[in-house]
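Trainee: prediction below, plus the sequence it came from.
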Amino acid sequence: MTITRLTQYAHGGGCACKIPPGELEAVVAGLVGAETPNGPGELLVGLDDGDDAAVVKIMRGTAIVATADFFTPVVDDAYDWGRIAAANALSDVYAMGGTPVVGVNLLAWPRELLPMELAAEVLRGGLDVAREAACHVAGGHSVDDPEPKYGMAVTGVADPDRILRNDQGAPGMPLTLTKPLGIGVLNSRHKATGEVFAHAVATMSALNRDASEAALKAGVVCATDVTGFGLLGHLHKLARASGLTARVDAAAVPYLEGAREALRGGYVSGGTRRNLDWVRPHLDPGSASEDELLLLADAQTSGGLLIAGEIPGHPVIGELFPAHGDGITIQVR
């Protein structure tokens with residue numbers, strides 16, 4: 001098969017192509033607090049705090065976790081893109097403390113520009129990661145589109161009394177990060193140069209299943225995952241929803257090899273800069289440089305979990321404190 005640089009068919013890449021968080025919140029503001037429909041189930045987690053997935057209790061001891069996630073090519077290899085996109089979609093279920101049950105494919109494809117054999121490779125990659133997660137894949141939906149996009153809508157199950165939410169943080173809880181940052185700048189470099197970063201692909205395609213299970217075992221009640229809004233963006237949402245301030249120890253945050261070099265090379269996505277602009281009014285940067293803040297705001301694709309609790313084998317990068325009182329939700333030290 002002829003090598004095709006899929007990233008050249010996309011205006012952005014991966015979760016960096018998300019609608020900026022401030023704009024998105026304005027769009028959905030009118031949907032928050034809508035009247036509850038007279039239907040089955042009890043909505044436990046909805047739009048209110050911008051959590052990772054919807055959670056509906058359907059019976060005693062059982063809740064449904066529902067999410068959808070898709071994006072433009074983040075790497076040139078079709079199979080790897082499929083694996084990464086599936087892992088990213090499944091992550092939303094793990095971030096809520098759930099277990100994925102079934103996924104359906106979401107595929108947009110420029111059928112007159114790219115061979116359908118490449119689309120088959122994308123779907124194969126998604127299927128292989130779903131199988132690794134013991135999650136069924138059953139059908140989906142496809143459209144002819146000028147820009148390739150792929151992801152999944154995933155449904156999972158969880159114990160309604162043991163879900164992970166972004167609004168359950170408490171003062172004194174440590175903050176644990178389960179994957180290193182730097183995915184965004186390495187992906188930007190890959191898109192610009194064609195260089196392949198195998199360790200970044202491995203990180204993005206790795207499931208967050210074990211971290212989620214460890215969090216539940218440790219009695220954690222508050223978590224989120226780190227994707228397109230960067231560590232700072234997702235931490236801001238968690239601290240805001242919990243009515244707290246988070247302190248980040250910048251020296252404790254792990255990064256992928258080559259991330260700082262990519263930053264110095266200027267491979268910073270527009271999404272990353274928008275993330276930092278969004279949180280800046282709520283940020284006490286301390287002595288952190290602008291470059292350090294850009295890395296902390298780096299738009300991740302299929303990043304790790306940010307857990308309000310200590311999980312063995314993963315670094316503690318900060319702690320939650322009582323609200324600062326002046327709108328500051330994050331302090332960097």
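Mentor: Received, thanks.

Trainee: what secondary structure does Ala87 sit in?
Mentor: Local secondary structure at Ala87 is given as helix here, using DSSP: H, G, I helix; E, B strand; the rest coil.

Trainee: pull the distance from stretch 143-153 to the chain's centre.
Mentor: 18 Å (CA atoms, centre = their mean, to the nearest Å).

Trainee: got a list of contacts for that stretch?
Mentor: Identification of contacts with stretch 143-153 by CB atoms under 8 Å, 6 or more residues apart in numbering yields 6, 9-11, 66-73, 81-82, 85-86, 88-90, 103-111, 113-114, 119, 122-123, 126, 130, 137, 140. C-betas here are computed from N, CA, C, even on glycine.

Trainee: can you select the buried ones from these in ChimeraX?
Mentor: With 16 or more other CB atoms under 10 Å as the criterion, this ChimeraX line picks the buried residues out of the contacts of stretch 143-153:
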select :6,9,10,66,67,68,69,70,71,72,73,81,82,85,86,88,89,90,103,105,106,107,108,109,114,119,122,123,126,130,137,140
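
Trainee: from the contacts of stretch 143-153, which land in helices?
Mentor: Cross-referencing the contacts of stretch 143-153 against helices under DSSP state H gives Trp81, Gly82, Ala85, Ala86, Asn88, Ala89, Leu90, Ala119, Val122, Leu123, Gly126, Ala130.

Trainee: domain parsing for the protein?
Mentor: Each domain of the chain is listed here as a residue range: 6-158, 174-332, per automatic domain parsing.

Trainee: got the end-to-end distance for the shortest one?
Mentor: What that stands for is domain 6-158. One end of domain 6-158 sits 36 Å from the other (CA to CA, to the nearest Å).

Trainee: show me the helices in this structure, by range?
Mentor: Counting by DSSP H, residue ranges of the helices within the chain are 21-28, 78-95, 116-132, 183-193, 198-205, 209-217, 230-242, 259-264, 270-279, 290-296.

Trainee: tell me the most buried of those helices?
Mentor: The densest packing among the helices of the chain, expressed as mean neighbour count by mean count of other CB atoms under 10 Å, is seen in helix 78-95 with a mean of 28.

Trainee: hang on, the earlier thing: most widely separated two among the ones in helices among the contacts of stretch 143-153?
Mentor: The most widely separated members of the ones in helices among the contacts of stretch 143-153, counting by CB to CB, are Leu90 and Ala119 (20.3 Å).

Trainee: distance to Ala250 and pLDDT added to the ones in helices among the contacts of stretch 143-153, as TSV?
Mentor: As requested, the ones in helices among the contacts of stretch 143-153 are exported to TSV (distance: CB to CB, whole Å; pLDDT from 0 to 100):
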residue	distance to Ala250	pLDDT
Trp81	31	98
Gly82	34	98
Ala85	30	98
Ala86	32	98
Asn88	25	97
Ala89	30	98
Leu90	30	98
Ala119	41	98
Val122	37	98
Leu123	40	98
Gly126	35	98
Ala130	36	98
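
Trainee: any idea which of the residues you listed is closest to Ser287?
Mentor: Each of the ones in helices among the contacts of stretch 143-153 was checked against Ser287 using CB to CB; the closest is Asn88, at 33.3 Å.

Trainee: is the closest one in contact with Ser302, as I believe?
Mentor: Yes: taking contact to mean CB atoms under 8 Å, the distance of 3.8 Å between Asn88 and Ser302 places them in contact.

Trainee: show me the contacts for the nearest residue to Ser205 once chain neighbours are set aside.
Mentor: In space, not counting the residues next to it along the chain, Ser205 is nearest to Arg83; the distance is 4.2 Å by CB to CB, 6 or more residues apart in numbering. Counting by CB under 8 Å, 6+ apart, Arg83 makes contact with Gly125, Gly126, Asp128, Val129, Ser205.

Trainee: thanks a lot, catch you later.
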